[in-house]
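**Student:** what's the 3D shape of this:
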Amino acid sequence: MSHSNARYRISYILRELEVEDKHRFGVNDLAVSQDGLSLLSAGRDGIARQWSIKDNTATYNRQYAGHVDWLNAIALCEDINFVVTASSDTSLKVWTLNKGLLAATLQKHDDYVKAVRYAPATRHFASGGLDGRVVIWDISSMKEVTNTAVDDKVASIYAIDINQQGTLIASGSSDKIVRLWDPRSRTKIGTMKGHSDIIKCMRMSSDATQIITGSADCNLKLWDLRQQRAIHTYGIHDSSIWTIEADGDLRTIYSGDRDGNVIVTDTTAGEAGSQLLLSTESPVCAMALASGTQTLWIGSMKSSIQAWDLKSAQDTSSPVDDNGDEEPVPLVNEPVATIPGRAAIVEHEVLPDRRHVLTLNSDDLVQRWNILNGKVVEIYEGQTLQEVRKSLTFTSAFPSWFSVDHKLGCLTVHLEQSSCFKAWDLTDPSKIEDTRYNLGAVLLQALFREYRESRELESHLSARASATAVQIEQAKDTLHAKALELRLAHDRFTLPASIMMALFKGTELTAVSIIGKLSRATLHPDLVPAWLNSVLLDPDFEGSLDQNKIQFHLLPDEHATPVLPSLKSSFLTSMSCFPLWRLARHVHNSDKVIQDRIAALQGEPDRWAKVDGVSPAKVDIGPSVSDFVDILCEDQVLPRDMNLLHVRHNIWKQGGDMHLHYRWKPDQEPL
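**Tutor:** Numbers count the residues shown, from 1 in each chain. Alright, predicted model coming up:
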């Protein structure tokens, strides 16, 4: 398989807990079991969760964690004990309901998957996405049945529904049109126009004769599917309608909007039958009605989930279209139960060392993360992110070699081939040996360690028809020893095995090639590009070495007393990660007067004296040379451990070749 022209991105998610029993961000969809005893929630943190319900009290059961972007929709296939999740990572995943095990990853969409609905009679489910496709899947075989694009143009699909028999599909799109599809003939059988903005949500009646739609135009529309026309418009909202819940015959409609209001409508009574049911503090993203319990579960932009008791509704509200001056009074004032969420990351800043990221949570807690080991290294209480940032000082800078976002309410780190090999560092900057390594290469080796080891193990055992457990362990030990010898099994960065990782491929980086945990070696070799294989198998991977060099002038300080001699060559090139004491060392090694004087001050006056006419073996000097020789930029004396890139970005601050100066340290005994 050719990968030469493909663009790749590798992303991994950092979470504080391996099992997160609460949502960290908004809840985009909800589903309730027929008996009302189980609730499923799909979160913007990329995780779906299952809750046991008893007397409106929710108990966490399990999580369905495998996506690397928002979950937009969830479908409960209760008759065969499966759950289907749809995500902005362009994939759908099928899970076992009662164990939370991943049964299949389905990839056909080229953009966010926004909706999924299930038809138990055929055991098919339909998905719709921003790529304009409606795809029908067979959950028994975990395969696509058919898919079709919306007409011949891109019209992003935001809502979808399918009747129980699986014979009719409706979709709502960005072009304001409701389309009807017959999955058996794979054809479009109708279009219905009337909305003036994106259709965000819909519900079909159980007999598939009517459908209710909600739109960003603030209107609900009730449609007759046999006549394919709107039979009523309810202009009852003041903001975009984001979600709908309804009973089977569409007599009672619950519609939630961006302002946080839920309006209940009796469709047999026209707009006079619409009343404000409840108000929340956040836009309403999802609703699920527990059959027989009169409990309406609501998910919003907040990470919590609320239960509202409809039996407690007091008919004190006037119709929402009433022209009186008084604000409508909600029928229900307070939720009867709340499933609390966790704080989400709402702001972040990558620090100059290009290893750590400061984050601000929604509860105002500031934390410092190490992206190389996936852990929080420090917590700052009672301080703002800006205050913490000002308190941190850095003497080293590195090129930007990764990017970060907090879209999921937690950190996601992205590595791209074009930039992830830009940063180099020294294994120990205080030592003389030039032992450098590429940050991106070493991180990728840590991320894909399981994959590399599994491939090597497979190759090692391929000649054997079968291998015992003892033989497999012996092979692992042999390969590990080999990896240590090759410096591939390093332990510079050890990431938690629970970290979720994805490999994206494509011009727009919309198609997910693989998603899995580090502890699972599930990456198919055909999906791994050649450049990544070379990184995983080459301990001396050079990356963009030339791009990490800085050219500068190193000159004697003319204002110092005495003025030190000039170097033979004052125009130098060096790795940007080199600390400044190495420049002082270069000055030392270039001048015998300086060498002798430092040797004397260090108590070794005969360090360089010849013995029987023979010069002594070279005695190299380390960071202590900076006790005697200063390096300056812009008349500022610089710390010995400051690296060259930091000087260029934060001291020099101008174009052209950088000018540095050196002098004998004024507080030392004179030369």
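**Student:** Quick one: residues contacting Leu495.
**Tutor:** By Cβ atoms under 8 Å, 6 or more residues apart in numbering, the contact set of Leu495 is Tyr12, Leu372, Asn373, Gly374, Ala446, Leu447, Leu518. Where C-beta positions appear, they are placed from N, C-alpha and C, glycine not excepted.
**Student:** Just name the closest of the residues you listed to Phe398, please.
**Tutor:** Using Cβ to Cβ, Leu372 comes nearest to Phe398 of the contacts of Leu495, at 12.1 Å.
**Student:** Kindly provide the distance from the closest one to Asn261.
**Tutor:** Leu372 sits 46 Å away from Asn261, going by Cβ to Cβ, to the nearest Å.
**Student:** Give me the buried entries from the contacts of Leu495.
**Tutor:** Buried members of the contacts of Leu495, counted by 16 or more other Cβ atoms under 10 Å: Tyr12, Leu372, Gly374, Ala446, Leu447, Leu518.
**Student:** Spell out the residue ranges of the strands in the stretch 201-350 of the chain.
**Tutor:** All strands of the stretch 201-350 of the chain, identified by DSSP state E, counting those that start in this stretch, fall at 210-215, 220-224, 229-234, 241-246, 252-257, 261-266, 274-279, 284-290, 295-300, 305-309, 337-339, 345-350.
**Student:** and among those, the most buried is which?
**Tutor:** Of all the strands of the stretch 201-350 of the chain, strand 295-300 has the most neighbours on average by mean count of other Cβ atoms under 10 Å, namely a mean of 26.
**Student:** Between strand 284-290 and that strand, find me the angle.
**Tutor:** Following axes from the mean of the first three to the mean of the last three Cα atoms, to 10 degrees, one obtains 160 degrees for the angle between strand 295-300 and strand 284-290.
**Student:** which residues does the residue nearest the centre of the chain form a beta bridge with?
**Tutor:** Using Cα atoms, centre = their mean, the residue of the chain that lies closest to the mean C-alpha position is Thr412, 3.1 Å off. On the basis of DSSP bridges, Thr412 is bridged to Ile13, Asp405.
**Student:** any idea which helix or strand comes after the lowest-mean-pLDDT helix or strand in the chain?
**Tutor:** Using mean pLDDT, DSSP states H and E, strand 511-517 stands out as the lowest-scoring helix or strand of the chain, at a mean of 56. The helix or strand immediately downstream of strand 511-517 is helix 530-537, counting by DSSP states H and E.
**Student:** from the chain's centre, how far out does the following helix or strand past that following helix sit?
**Tutor:** Using DSSP H and E, the helix or strand that follows helix 530-537 in sequence is strand 549-556. Chain-centre distance of strand 549-556: 40 Å, with Cα atoms, centre = their mean, to the nearest Å.
**Student:** Can you give me the buried ones in strand 549-556?
**Tutor:** Here strand 549-556 shows Ile550, Phe552, Leu554, Leu555, Pro556 as buried, counting by 16+ other Cβ under 10 Å.
**Student:** Bridge partners for Tyr437, pull those for me.
**Tutor:** Asp425.
**Student:** To clarify, my last question referred to Phe504.
**Tutor:** Arg9, Val512.
**Student:** what's around it, how many residues?
**Tutor:** The burial count assigned to Phe504 is 22, neighbours taken as other Cβ atoms under 10 Å.
**Student:** Settle this for me: it is touching Tyr8, isn't it.
**Tutor:** Yes. Phe504 lies in contact with Tyr8 (Cβ atoms under 8 Å); the separation is 6.6 Å.
**Student:** that older thread, what's the most distant pair in the buried ones among the contacts of Leu495?
**Tutor:** Spatial extent of the buried ones among the contacts of Leu495 (Cβ to Cβ) is set by the pair Leu372 and Leu518 at 13.5 Å.
**Student:** how about low-confidence regions in the stretch 301-450 of the chain?
**Tutor:** Scanning the stretch 301-450 of the chain for pLDDT under 70 picks out 314-325.
**Student:** Just send the buried ones among the contacts of Leu495 back as CSV, with distance to Ala337 too.
**Tutor:** What follows is these, written out as CSV (distance: Cβ to Cβ, whole Å):
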residue, distance to Ala337
Tyr12, 35
Leu372, 41
Gly374, 34
Ala446, 43
Leu447, 41
Leu518, 37
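**Student:** Tell me the secondary structure at Ala441.
**Tutor:** Under DSSP: H, G, I helix; E, B strand; the rest coil, the three-state class of Ala441 is helix.
**Student:** since we're on it, how many residues are nearby?
**Tutor:** For Ala441, using other Cβ under 10 Å, the count is 22.
**Student:** how far away is it from Tyr12?
**Tutor:** The value you get for Ala441 to Tyr12, if Cβ to Cβ is used, is 15 Å.
**Student:** One more: Asn650?
**Tutor:** Asn650 sits 30 Å away from Tyr12, taking Cβ to Cβ as the criterion.
**Student:** nearest spatial neighbour of Ile74, skipping sequence neighbours?
**Tutor:** Spatial nearest neighbour of Ile74, excluding adjacent residues (Cβ to Cβ, 6 or more residues apart in numbering): Ala42 at 4.0 Å.
**Student:** Contact partners for Val357?
**Tutor:** Val357 sits in contact with His348, Glu349, Val350, Leu351, Arg368, Trp369, Ile371, Val404, Leu411, where contact means Cβ under 8 Å, 6+ apart.
**Student:** let's see it at 7 Å
**Tutor:** Val357 makes contact with His348, Glu349, Val350, Leu351, Trp369, Ile371, Val404, Leu411 under the criterion Cβ atoms under 7 Å, 6 or more residues apart in numbering.
**Student:** OK, contacts around the second one?
**Tutor:** Right, the one you point to is Glu349. Glu349 neighbours (Cβ under 7 Å, 6+ apart): Val357, Leu358, Leu385, Arg389.
**Student:** repeat that for 10 Å
**Tutor:** His356, Val357, Leu358, Thr359, Leu360, Leu385, Gln386, Val388, Arg389, Val404 (Cβ atoms under 10 Å, 6 or more residues apart in numbering).
**Student:** Can you classify the fourth one by secondary structure?
**Tutor:** At Thr359 the chain is in strand, as set by three-state DSSP.
**Student:** I'd say it and Asn370 touch.
**Tutor:** No. Thr359 lies out of contact with Asn370 (Cβ atoms under 10 Å); the separation is 11.8 Å.
**Student:** Find the residues that touch each one of these two.
**Tutor:** Common neighbours of Thr359 and Asn370 (Cβ under 10 Å, 6+ apart) are Leu14, Val376.
**Student:** more neighbours, the two?
**Tutor:** Applying other Cβ under 10 Å to Thr359 and Asn370 shows that Thr359 carries more neighbours, namely 22 against 16.
**Student:** What residues are bridge-paired with that one?
**Tutor:** His348, Gln367.
**Student:** low pLDDT regions in this structure?
**Tutor:** In the predicted model of the chain, residues 1-5, 146-154, 270-271, 314-325, 455-493, 506-525, 538-547, 617-619 satisfy pLDDT under 70.
**Student:** in it, which spans are helices?
**Tutor:** Applying DSSP state H to the chain gives helices spanning 385-391, 439-447, 449-461, 469-485, 530-537, 581-590, 592-601, 644-647.
**Student:** Contacts for the shortest one next, please.
**Tutor:** Pointing back at helix 644-647 there. Helix 644-647 has contacts (Cβ under 10 Å, 6+ apart) with 352-354, 394-399, 423, 548-550, 552, 572, 574-580, 582-583, 631, 633-634, 636, 638-639, 652-653, 658, 660.
**Student:** still on that earlier bit, filter the contacts of Glu349 down to the buried ones.
**Tutor:** By 16+ other Cβ under 10 Å, the contacts of Glu349 give His356, Val357, Leu358, Thr359, Leu360, Leu385, Val388, Val404 as buried.
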